[in-house]
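*Asks:* Sequence and predicted structure, then a few things I'm wondering about:
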Amino acid sequence: MKTSLLLLLSALALPGLATATGATERLHGYEIGDPFRALETDDGAADWIAAQELKAEAYFDALPGDAQAMAKRLDELSRIGGVVGVKTAGGKTFYVKRTGDLEQGILYVREGRKERALVDPAALDASGKVALDWYYPSPSGKLVAYGLSRDGSEESVLHVLRVDGKEGWKETIPDTRHSAVAWLKDESGFYYTRYPSGDRYNRQVFLHRQGADPASDEYVFGPDVGNLDKTDWTEVQISHEGGKVFFPVQKGWSVTELWMLEDGEPKKILPASLGALFGDPIWVDGRIVIQTNHQAPKSKVVSIDPKNPAPENWRTIVPEGEWPIHRLTRAGGKLALVRLVKAVAHLELYDLDGRNRKEVALPDIGSVGSLDGDAKSGALVLSFMSPLRPSGAYAVDSKAGKVSELATVPAPKTAGLVVEQIEYPSYDGTWVPMLLVHRKDLKLDGSNRTLLTGYGGFNISLDPRFSPSALYWVEQGGVYAVANLRGGSELGEAWHDAGKLANKHQVFRDFEYAMRHLVRAGYTRPDRLAITGGSNGGLLMGAMMTQAPELFQACVGRVGLYDMIRYQKFPPAELWIDEYGSSDDPAQVGYLLGYSPYHQVMAGVRYPAFLGLTAKVDTRVSWIHTAKFVAALQEATAGDAPILFHIEQKAGHGQGKGRSDRVKEDVMMFRFIDAQLAKAGPTTSSAVAR
């Protein structure tokens, strides 16, 4: 007891200690303080973290309410699971399915009506800390390359198995984080991407042959071959119809460069100077069919002669439409594409020349998570989910234009719930889509407990998804809202561009006005409103804490970025400079400082309640961000709302997190939110009328 009390007291005292050892530096004319620089190292943060964990533990221990009942229901909903990552090869369908009390998904193969487990991470480690990160079946479906990682690190090790269960490839390949794999047609080996050992940059392509020592694999493409920057993101793909090997290189988040192997040498086909994104290339009758936003912000599909690849020689197959193209694949003699209509997926089929368009009805207002076709057999498969329907695997009959179930999990009872699509005007009059899930008998009297989330970045769409935690919230009578902010891909590249670099402030204003709309329309009021977001959405949460603290009662930020002056110093964050900018650039440091949540914390403000969740093994966003931001809020706030910190020791950015760990985090989040919204008073904040 005495030890706990001393540590708890040290949690209150430590911010002052960190301030004393803080730093101030001058960058391009700006004097920038960093009072909690001491928390950037394990040694410097160890005592502070220990004290913060005790502080959070004491807070949650003192909360009223039935935590066990909440945990029980969240656990039940988490057991619903789902089917994701659907692919087709050699007449077989592959997918990852998780159901029941499984901690991680299992890779299955399906032939006809029979499915069989191929890779079960639990067989390797019953703790649920080993995850299947990715997989690639060979053209015949007889082999599968897959990646495993531990503790949410995403630091994959590549393995190969024979689908028939017999002994085969014994070698493993390390350093294959987020690897892309392209099998040779004869399946004697594959191209794959890996990193130099210990590096988070300089992604390279190698060729591996069965039985060879991976250390001697042939280096095929990378920074020195293609004169690439260390942050360029190289993929590798192969078209088995023509035996063509492609290297799409993403240079930042708005530009793709396309290379192709010609006579064993990489040749640049589409240069970065075009300033456009290009999707997965498809080889059709000696030409490259590809999706691009070149002079088409909502994307089009074009056919390119690799010998004359200049844009003036392209043939347009599917022109740009009112709504953006999101995915494209080939299935036999058909092109299949997904359009997003206000973030909702629509599936369309075309002949290879773009004629005979046919729209295929999808099961619900939802999203297509994966789309894969077989050029030889014509098979077309996808994964689909909606806010009220768990993700499942589906087959598409291109002739009949119908979708049928391949592998699904039982859906929960949702008869009393509805999904609503609305739009609201942002600060400049721009209409922003928003999805709402709530009970049918909802009354617009301003009293509803509401949870709002958003992301707004990196050309990523927050499309309608199934979420056990969101379903729990709605079951309890709450409103769950998802704002499709600028910075995402919901409305095309122009929508993305409107929320990056110096335009990032528009993302924050869009979210602020989402809150205002929910209040004005009678869904809720500020003291009944909570917000949450993760990663880039965590940055959004930090911006709301410092820019609009009067509009909500509680905030949960997960694995977020908060120090935008030093973020690029923690690998692999230089990958994000194209999206955010860098304080090393005199033209960008000003706007970064203008919204950097850590630097915009001000003494004397009554900040809302904040719970900062992070993870020690996060190999994307360092836990340092959350530690520094929480320390700054705790020292500055003039209110009594709790400002708490929690770090998970054996978890990462989110991918690979086990089921029970997700339930644990959700329980913490909802207990925190419930405690704050229970304090709601009878009136609405006048600040909304601003």
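*Replies:* Good, I have the coordinates.

*Asks:* ok, now which ones touch L340?
*Replies:* When contacts are counted by C-beta atoms under 8 Å, 6 or more residues apart in numbering, L340 touches W323, P324, H326, H346, S461, D463, S489, E490, L491. The way it works is simple: take the backbone N, C-alpha and C, and place the C-beta from them, glycine included.

*Asks:* what's the burial count for the residue nearest to it when sequence neighbours are not counted?
*Replies:* Using C-beta to C-beta, 6 or more residues apart in numbering and skipping the chain neighbours, the partner closest in space to L340 is H326 (4.8 Å). A count of neighbours around H326, defined by other C-beta atoms under 10 Å, yields 23.

*Asks:* Wasn't H326 part of a strand?
*Replies:* Yes - assessed by DSSP: H, G, I helix; E, B strand; the rest coil, H326 belongs to a strand.

*Asks:* got the contact list for it?
*Replies:* Shown in contact with H326 (C-beta under 8 Å, 6+ apart): L337, V338, R339, L340, A345, V368, S461, S489.

*Asks:* Which members of the residues you listed are positioned in strands?
*Replies:* Using DSSP state E, L337, V338, R339, L340, A345, V368 are the members of these that sit in strands.

*Asks:* so who does the residue nearest to the fifth one when sequence neighbours are not counted touch?
*Replies:* What sits nearest to A345 in space, not counting adjacent residues and going by C-beta to C-beta, 6+ apart, is V368, at 4.4 Å. Residues in contact with V368 (C-beta under 8 Å, 6+ apart) are H326, R327, V338, A345, L347, L362, L382, S383, F384.

*Asks:* Distance to S78 for those - can I get that in CSV?
*Replies:* Below are the contacts of V368 laid out as CSV (distance: C-beta to C-beta, whole Å):
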residue, distance to S78
H326, 28
R327, 28
V338, 28
A345, 24
L347, 29
L362, 25
L382, 24
S383, 19
F384, 20
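
*Asks:* before we move on, the earlier item: quick check, nearest of the contacts of H326 to Y59?
*Replies:* Top of the list for closeness to Y59, among these and by C-beta to C-beta, is S461 at 35.6 Å.

*Asks:* what number of residues lie near the closest one?
*Replies:* 19.

*Asks:* do the same with A494
*Replies:* Neighbourhood size, A494 [other C-beta under 10 Å]: 12.

*Asks:* Now it: which helix or strand?
*Replies:* helix 493-497 (DSSP states H and E).

*Asks:* immediately after that helix, which helix or strand?
*Replies:* Using DSSP H and E, the next helix or strand after helix 493-497 towards the C-terminus is helix 504-520.

*Asks:* quick check: mean pLDDT across that following helix?
*Replies:* Helix 504-520 shows a mean pLDDT of 98.

*Asks:* now whichever helix or strand comes after that helix, how far from the centre of its chain.
*Replies:* In the C-terminal direction, the helix or strand that comes right after helix 504-520 (DSSP H and E) is strand 529-534. In terms of C-alpha atoms, centre = their mean, to the nearest Å, the centre of strand 529-534 is found 16 Å from the chain centre.

*Asks:* what's strand 529-534 packed up against?
*Replies:* Judged by 3 or more C-beta pairs under 8 Å, 6 or more residues apart in numbering; DSSP states H and E, the packing partners of strand 529-534 are strand 450-454, helix 504-520, helix 536-547, strand 554-558, helix 659-677.

*Asks:* With distance to E262 and mean neighbour count added, can I get the ones you listed in a markdown table?
*Replies:* What follows is the helices and strands packed on strand 529-534, written out as a markdown table (distance: least, C-beta to C-beta, whole Å; neighbours: other C-beta atoms under 10 Å):
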| stretch | distance to E262 | mean neighbour count |
| --- | --- | --- |
| strand 450-454 | 44 | 25 |
| helix 504-520 | 40 | 23 |
| helix 536-547 | 38 | 26 |
| strand 554-558 | 45 | 26 |
| helix 659-677 | 47 | 20 |
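
*Asks:* Fine by me, thanks again.
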